[in-house]
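Novice: Got a sequence here, can you build the structure:
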Amino acid sequence: MIMVYNDDIYDLTFVKFDIEKLLKAYQQLIKTIPYSRGMVNGILLTKMLNGTSGDPRGIFWVTNKEGIEEQREKRVDENLYTELRPEIKNTYFEKVYNKLSEHFVLGRVRILLLEPRKCLSFHKDPEPRLHIPLISHSGSLMIVDDFCTHMPADGSVYYMNTTKYHSALNGSEENRIHLVATILDTIRK
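Specialist: Numbering: from 1, shown residues only. Take a look at the predicted model:
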């Protein structure tokens, strides 16, 4: 399969991770931390400065049937999510977090699960995101505006401009699992 990208979804060629180590860390993680269930099936890897785990959900906007943009959920102060949860220390996820932090100021870092035959609403977020697919089949697609592509689970890190209207759909028969990190800023060296 040929991967096609544009300015809103693309592979960050300067960083890549070992997919086998990511999957092993993921299997260990789900033994100790359950997914939150509901609109978002997620596991937070970072916690808030005050020590609380926080919420994997956050503010987003959709367009209603009259074409008017409406806010959903509450605003999350991404700047508060600067510490790894204790369960993440000394795992491969800590190495991933540290490497990404060399290039970006990160907000929440989460593992997000999209179940088979499901999709997200067409929405926009306040910040862009990094995606590292852990499990992704050819029927798992990312969409920004009218552009659609598949992100393979090969250790690549993808930039996604989620400040534009976007969605994810999992048309496969298996769970789609991504590590998703909010980008607050880039680090200039």
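
Novice: neighbouring strands for the strand or helix carrying residue 159, and are they parallel or not?
Specialist: Element membership for residue 159 (DSSP states H and E) is strand 156-160. Sheet pairing of strand 156-160 (DSSP bridges) gives strand 9-16 (antiparallel), strand 129-135 (antiparallel).

Novice: Mean confidence (pLDDT) on it, please.
Specialist: The average pLDDT within strand 156-160 is 97.

Novice: Check stretch 30-47 too.
Specialist: 89.

Novice: returning to what we had before: closest to residue 105 out of the strands paired with strand 156-160?
Specialist: Distance to residue 105, taken as Cβ to Cβ, is lowest for strand 129-135 among those, at 11.7 Å. C-beta coordinates here come from the backbone N, C-alpha and C atoms, glycine included.

Novice: Not counting its own residues, what contacts the closest one?
Specialist: With contact meaning Cβ atoms under 8 Å, 6 or more residues apart in numbering, strand 129-135 is reached by 12, 17, 19, 22-23, 26, 96, 100, 104, 111, 140, 142, 151-160, 162, 174-183.

Novice: ok, and for that strand, which residues are buried?
Specialist: Under the neighbour-count criterion of 16 or more other Cβ atoms under 10 Å, strand 129-135 has 129, 130, 131, 132, 133, 134, 135 buried.

Novice: report the angle between the axes of the next helix or strand after it and strand 9-16?
Specialist: Next along the chain after strand 129-135, taking DSSP H and E as the criterion, comes strand 140-144. Interaxial angle, strand 140-144 versus strand 9-16 (axes from the mean of the first three to the mean of the last three Cα atoms, to 10 degrees): 110 degrees.

Novice: Strand partners (parallel or antiparallel) of whatever helix or strand comes next after strand 140-144?
Specialist: Later in the chain than strand 140-144, the nearest helix or strand by DSSP H and E is strand 147-149. Here strand 147-149 has these sheet partners by DSSP bridges: strand 140-144 (antiparallel).
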